[in-house]
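S.K.: How does the following fold in three dimensions:
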Amino acid sequence: MKVDRHLARIEPMILNPVHGLPADEWHRAPPGKWTIAQIVQHLAISIDVVAKLFAERAEKKGMRRRAKPHETVMRHLVLGAGRIPGLPRVSDLARPEDEPDRDLTTAQFRMGIEEFSRFSENWPEERREAVFVRHPLLGDLNLAEWVRFHYLHCRHHAREIRDRVRWLEATRD
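M.R.: Below is the predicted model of the structure:
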């Protein structure tokens, strides 16, 4: 199932490039850019918040997708084309701290992915399609759509993480 493949790829995509990176380097970045710790915390918050909302709605019945026409178009473009558009600002809800704790952030990131995995494993297909959580740009998304979004969002930020690692390596010399 595509959902399970996406979930399995998220953690290594984000955490493998920083494996063994000294703790202080998680908090260094070029001026005006997020640090690795901030990027991982941003992703952890995003995944964790949505996982908690799905958990709250686990037993809710009769949900219907609510989406404005532009949200429907954006949902199809983003999830279909597989590209996260450059957004001018991050939601305050997913904004990282100035110096997030590396270990807590990593644990939150892993726990959010694990929660999505539990939903995918334990919810019947019709339940996965019938429970919705609102995305600010794409409207209501079901479980598979949120997993696809998180995969794309992580892939987008994985490029930034690799750039930070290269920058850190270049500044060590």
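
S.K.: tell me which residues of the lengthiest helix in the chain are tucked away?
M.R.: Ranked by residue count, the top helix of the chain under DSSP state H comes out as helix 143-172. For helix 143-172, the buried set under the neighbour-count rule, 16 or more other C-beta atoms under 10 Å, comprises 143-155, 157-158, 161, 164, 168. All C-beta spots, glycine's among them, are computed from the backbone N, C-alpha and C.

S.K.: Give the rounded mean pLDDT of that helix.
M.R.: For helix 143-172, mean pLDDT is 94.

S.K.: could you say what helices and strands that helix packs with?
M.R.: helix 2-15, helix 36-56, helix 69-81, helix 102-122, helix 125-130, strand 133-135 (3 or more C-beta pairs under 8 Å, 6 or more residues apart in numbering; DSSP states H and E).

S.K.: what's next to the last one, contact-wise?
M.R.: For strand 133-135, the external contacting residues (C-beta atoms under 8 Å, 6 or more residues apart in numbering) are V50, L53, F54, R57, R66, E71, R75, D140, L141, W146, F149.

S.K.: For H150, see how far away the nearest residue to the second one once chain neighbours are set aside is.
M.R.: Of all residues beyond its chain neighbours, the one nearest L53 is V133 (4.5 Å), with distances taken as C-beta to C-beta, 6 or more residues apart in numbering. V133 sits 11 Å away from H150, taking C-beta to C-beta, to the nearest Å as the criterion.

S.K.: what number of residues lie near the nearest residue to L168 once chain neighbours are set aside?
M.R.: Nearest residue to L168, sequence neighbours excluded (C-beta to C-beta, 6+ apart): E25, at 5.1 Å. Using other C-beta atoms under 10 Å, the number of residues around E25 comes to 20.

S.K.: Hmm, E25 is touching W167, no?
M.R.: No: the criterion here is C-beta atoms under 8 Å, and E25 misses it with W167 at 9.9 Å.

S.K.: what's the average pLDDT for stretch 56-76?
M.R.: 90.

S.K.: what does it contact?
M.R.: Under C-beta under 8 Å, 6+ apart, the answer for stretch 56-76 is 119, 123, 130-135, 137-142, 145.
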